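1. need a 3D model of the following:
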Amino acid sequence: MNFPELIQSVFDDTLGPGQSLSLFRPELTLCATMIAILLARMILPRWKTSGFYLVLLGLTLALAFVFPWRWFAEGALPGQEIFTGLLAADRFSVALRGLLLLFTLLFVTFTQIAGRWAPEDGAEFFVLLLGAVLGMCLMVSANHVIVVLLGMEMASLPCYVLAGWQRDRRVSSEAALKYAVFGAAAAGILLFGMSLLAGALGSVHLPTMGRRLAELLQAGVDPAQLTALILGGLMVTVGVAFKLAAFPFHFWIPDVFEGATAEVAAFISVASKAAALGLLVRLAGAFVGVPDARQFLVVLVSLLAAVTCTFGNLAAYGQNNLKRLLAYSTIAHAGYMMMPVAAMIALAGGQGSPDAPLSEAQKAVAALLVYLGIYLFMNLAAFAGVAFMRNVAHSEDLRDYAGLVHSSPGFTVCMAIVMFSLLGIPPLSGFTAKWTIFLALVSAKLWTLLAIGVLNTVLSLFYYLRVVKVMTLDAPPADRAAPRIPLTSAAGAYFAMLTVPVVALFFLWGGLSRWADAAAQALFFTTFGP
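-> Model (predicted):
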């Protein structure tokens, strides 16, 4: 193909029948919103809240573009590659991008109610936020090594800045520096690992890399190539595990969460984890068709999941700072969410079809999506409660929550609901989330991992219950007035609104489950299909 033909091919793929540009409209909307916010800051400097209204409009439009319902209609096409194979446009990417945008829409409303930043800083904050979300959308759609690296860096760099947003606090600057240094090291390891895999397999297109690996192992691989493949795979695992805060690459998250505001910690806890899990499924999906690689990945992901959730739950004991406690809770939940990925890898390997019933591997991915959909509300609600209490009590120490039930009974009930849902007991949606992933482990016959998951649920009972016990049974301190957050206030009403789906999704999770099934089915046909 000569140069003019190459240009014409790219033009046809972008604007022609391939419609790559039209399928990229959510990300283009985010870019346009960032530009609009900066222009509003220049043209209307006295309109301090312009950034908030523009970001609400932009996120609403992006959500509308993400969810053309034809993706989930009966007999809809499973998906396609866009931009000459750089990105995958399928129902899996649609589902995760939708979750990310929905979370961001709720999150910006939360930041506006919490009112942590001066209005004149809003434009910069929202631009950094949307830039991170744009990178995360690329991560979950990545079909190419370059997009994997680009998406991860676009998602990470704004988060480094957001972690140190409180420039007048030493602990905040320390958190940002620690996050940036460790993040840069993890990115370098990921890049080196990707280069080893690309060099050994002769491709940077993820599905092609999977096929090349199968051909290479079938034909026989020499020791040097095998060493490069194993080393590259482990390095890529390090990079993704850092984004997931999986043990032993979790060490940054408690200090970063403590130094950052509760709002930024909520964003990193939910959005960053969702994007990293989507990327993990993409990367694993490219190689699970190779039996030897599948066995290696099952052991690796299962080990990471087991150790991560165990460490997170044990380390949460004795934490008095609520943000540090929720940081370790986030680590534990990252371990839980890796369990269905291990089940998916163990069960994968067959051909998929858009008309065939869901395979067990597809059900494992659907279980992950159900968990993510519920985790979004649980964790955002938990950090929102911490932020709102910080505003009235000027403290994030658990001991200052003592006797809260007497001054703010409605807020206490909502906080207890969130804690029990994070624990995973009925009749709350956290139980539904854990039940779906445990069923996936049963299907994959990963009995040891299932036992560890159940045991960790019991272990987590004590520190979640401790939060409820302090709020309801401990006597309030005598040296200060009891903090009050009435449910009739903006903060109280928002917190109660987040609590509603935490309860409702236990009873009405069928729609979420069908949506997750459709997304998983399309992913696997795209990955394994002809």
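
2. tell me the mean pLDDT over stretch 321-335?
-> What stretch 321-335 shows for mean pLDDT is 92.

3. for the one helix or strand residue 342 maps to, name the packing helices and strands.
-> Using DSSP states H and E, residue 342 sits in helix 322-347. When contacts are defined as 3 or more C-beta pairs under 8 Å, 6 or more residues apart in numbering; DSSP states H and E, helix 322-347 packs onto helix 253-259, helix 262-267, helix 273-287, helix 291-315, helix 360-393, helix 429-444, helix 447-472. (Glycine included, C-beta is placed from N, CA and C.)

4. is residue 321 in contact with residue 398, as I believe?
-> Yes. If you go by C-beta atoms under 8 Å, residue 321 and residue 398 touch, sitting 7.3 Å apart.

5. between those two, who's got more neighbours?
-> Between residue 321 and residue 398, counted using other C-beta atoms under 10 Å, the more crowded position is residue 398 (20 against 16).

6. and that one, how far from residue 466?
-> 8 Å (C-beta to C-beta, to the nearest Å).

7. circling back: please identify the most buried of the helices and strands packed on helix 322-347.
-> Ranked by mean neighbour count, the helices and strands packed on helix 322-347 are led by helix 262-267 with a mean of 27 (mean count of other C-beta atoms under 10 Å).

8. output it as PDB, nothing but the C-alphas.
-> Provided in PDB are the C-alpha atoms of helix 262-267 (Å, rounded to 0.1, in the frame of the first residue of the first chain):
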ATOM      1  CA  ALA A 262     -12.100  12.800  50.600                       C
ATOM      2  CA  GLU A 263     -13.500  13.900  47.200                       C
ATOM      3  CA  VAL A 264     -10.300  13.100  45.300                       C
ATOM      4  CA  ALA A 265      -9.900   9.800  47.300                       C
ATOM      5  CA  ALA A 266     -13.400   8.900  46.100                       C
ATOM      6  CA  PHE A 267     -12.500   9.500  42.500                       C
END
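
9. what average pLDDT does it get?
-> 90.

10. and if you look at stretch 104-119?
-> 82.

11. now the strands for the stretch 51-200 of the chain?
-> 79-82, 87-90 (DSSP state E, counting those that start in this stretch).

12. and the last one, how far out from the chain's middle?
-> Strand 87-90 has its average C-alpha position 18 Å from the chain's average C-alpha position, going by C-alpha atoms, centre = their mean, to the nearest Å.

13. what sits up against it?
-> Identification of contacts with strand 87-90 by C-beta atoms under 8 Å, 6 or more residues apart in numbering yields 20, 23-24, 78-82, 93, 138, 141-144, 147, 282, 522-523, 526.

14. how close does the nearest residue to residue 371 once chain neighbours are set aside sit to residue 506?
-> Spatially, and ignoring its direct neighbours in sequence, residue 371 is nearest to residue 433 (4.3 Å; C-beta to C-beta, 6 or more residues apart in numbering). Going from residue 433 to residue 506 by C-beta to C-beta gives 10 Å.

15. likewise residue 161?
-> 38 Å.

16. again, but for residue 398
-> 27 Å.

17. cool, residue 104 as well?
-> 25 Å.

18. more neighbours, these two?
-> residue 104 (25 against 19).

19. so that one touches residue 270, yeah?
-> No. With contact defined as C-beta under 8 Å, residue 104 does not count as touching residue 270 (9.6 Å).

20. how about the nearest residue to residue 143, chain neighbours excluded?
-> residue 88 (4.3 Å).

21. whoops, I mixed them up, residue 190
-> For residue 190, the spatially nearest residue (C-beta to C-beta, 6+ apart) is residue 239, at 2.6 Å.

22. got a list of what the residue most central in space within the chain touches?
-> Nearest to the geometric centre of the chain sits residue 274, at 1.5 Å (C-alpha atoms, centre = their mean). Taking C-beta under 8 Å, 6+ apart, we find residue 274 in contact with 96, 99-100, 103, 136, 140, 372, 376.

23. please report how far it lies from residue 369.
-> On the measure of C-beta to C-beta, residue 274 and residue 369 end up 10 Å apart.

24. which residues are in contact with both of these two?
-> 96, 99.
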